[in-house]
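Student: compute the structure for the input listed below.
(one chain, ligands or ions: 1)
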Amino acid sequence: MKMDPTLERTNDVAPSTALAYLDPRYWDERFAQEEHYEWFKDYSHFRHLILQHMKPSSSVLELGCGNSQLCDNLYEDGITGLTCIDLSAVAVEKMKKRLLSKGYEEIEVLEADMLDLPFSDECFDVVIEKGTMDVLFVDSGDPWNPQPETVNKVNRMLQGVHRVLKPNGIFISITFGQPHFRCPLFDAREFSWSVEWSTFGDGFHYFVYLLKKGQRSSDSSGNAQKVDMPSISLFHDELEDEDYIFRTNIDEMECLN
Ligand SMILES: C[S@@+](CC[C@H](N)C(=O)[O-])C[C@H]1O[C@@H](n2cnc3c(N)ncnc32)[C@H](O)[C@@H]1O
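Tutor: Numbering: from 1, shown residues only. As a prediction, this is how the structure comes out:
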């Protein structure tokens, strides 16, 4: 079934224009009012796709944690070496308080920009983001031919992620961005990672990209592959919804959540 992008907003914190998602003041104001919002879907929908790539000893960096409970859920599944960052000081303060109140004091929460990661090289086993990279695309223009500024920002982010990952580390990106738009960026020659993806969700499908550092094949083009997982929807279902998906933007995602 196709989703209707004109669906009513489910909350009153959505901005009047998607460009606000690029403004840290928007996020501060939003997080001052909002206690919990899970972009796309919560952990239960994609746990089976990501947990297998982490160990209890893994050091994990989450980019743009907002007020999501992804880090709580990972912690409860035994992944305790977590660091969360967000550009919003309000999100960071509230996240720190919430995690302390739950007794999850090992989780580090820092105010930081994912375009300028304040970490040394090769210090994380896993970097994960959900809906954070999508923010960089709100002013990208034509998704088939994004503006050079968008491509530059995405490259900066990916270069930082690649740098902080350990030699066999993995970057997990959870997004509504389809492979024909994301893979050319993930697959840039400067990166040593392989690129795979799977999908989850009913009706509207989301993507989990797995970028495994050091595992790029010697043929460096056309690296990306879909991984079929049991019990998840197949890619051709998305193609039926292609017309809708190609027009989808991050602000519409708030209506679909
Ligand atoms: C769409 S929300 C996703 C929040 C959360 N990951 C989730 O799944 O619900 C984007 C988040 O990224 C944060 N953000 C935006 N730009 C950022 C940047 N350059 N560096 C770090 N965080 C950023 C925002 O403050 C916001 O919390």
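Student: number of nearby residues for residue 20?
Tutor: By other Cβ atoms under 10 Å, the residues close to residue 20 number 16. C-beta coordinates here come from the backbone N, C-alpha and C atoms, glycine included.
Student: that one belongs to a helix, doesn't it?
Tutor: Yes: assessed by DSSP: H, G, I helix; E, B strand; the rest coil, residue 20 belongs to a helix.
Student: so it makes contact with residue 13?
Tutor: No: the pair formed by residue 20 and residue 13 falls short of the contact definition of Cβ atoms under 8 Å, at 10.4 Å.
Student: what is the strand or helix carrying residue 184 packed up against?
Tutor: Using DSSP states H and E, residue 184 sits within helix 179-186. Applying 3 or more Cβ pairs under 8 Å, 6 or more residues apart in numbering; DSSP states H and E, one finds that helix 179-186 makes contact with helix 148-164, strand 165-175, strand 194-200, strand 206-212.
Student: any part of the last one near the ligand?
Tutor: No: using Cβ under 6 Å from any ligand atom, strand 206-212 never reaches the ligand; the gap is at least 10.8 Å.
Student: next secondary structure element downstream of that strand?
Tutor: By DSSP H and E, the next helix or strand past strand 206-212 is strand 225-226.
Student: same for that next one, what does it pack against?
Tutor: So strand 225-226, by 3+ Cβ pairs under 8 Å, 6+ apart, packs with strand 194-200.
Student: so how far is the strand it packs on from its chain's centroid?
Tutor: Here the centre of strand 194-200 is set off from its chain's centre by 13 Å, with Cα atoms, centre = their mean, to the nearest Å.
Student: now swap in stretch 116-133 and tell me
Tutor: Using Cα atoms, centre = their mean, the offset of stretch 116-133 from its chain centre is 11 Å.
Student: for whichever strand or helix holds residue 91, what is the average pLDDT?
Tutor: Per DSSP H and E, residue 91 falls inside helix 89-101. Across helix 89-101, pLDDT averages out at 97.
Student: can you redo the helices and strands packed on helix 179-186 as JSON lines with mean neighbour count and mean pLDDT?
Tutor: Shown next, in JSON lines, are the helices and strands packed on helix 179-186 (neighbours: other Cβ atoms under 10 Å; pLDDT from 0 to 100):
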{"stretch": "helix 148-164", "mean neighbour count": "17", "mean pLDDT": "97"}
{"stretch": "strand 165-175", "mean neighbour count": "21", "mean pLDDT": "97"}
{"stretch": "strand 194-200", "mean neighbour count": "21", "mean pLDDT": "95"}
{"stretch": "strand 206-212", "mean neighbour count": "22", "mean pLDDT": "97"}
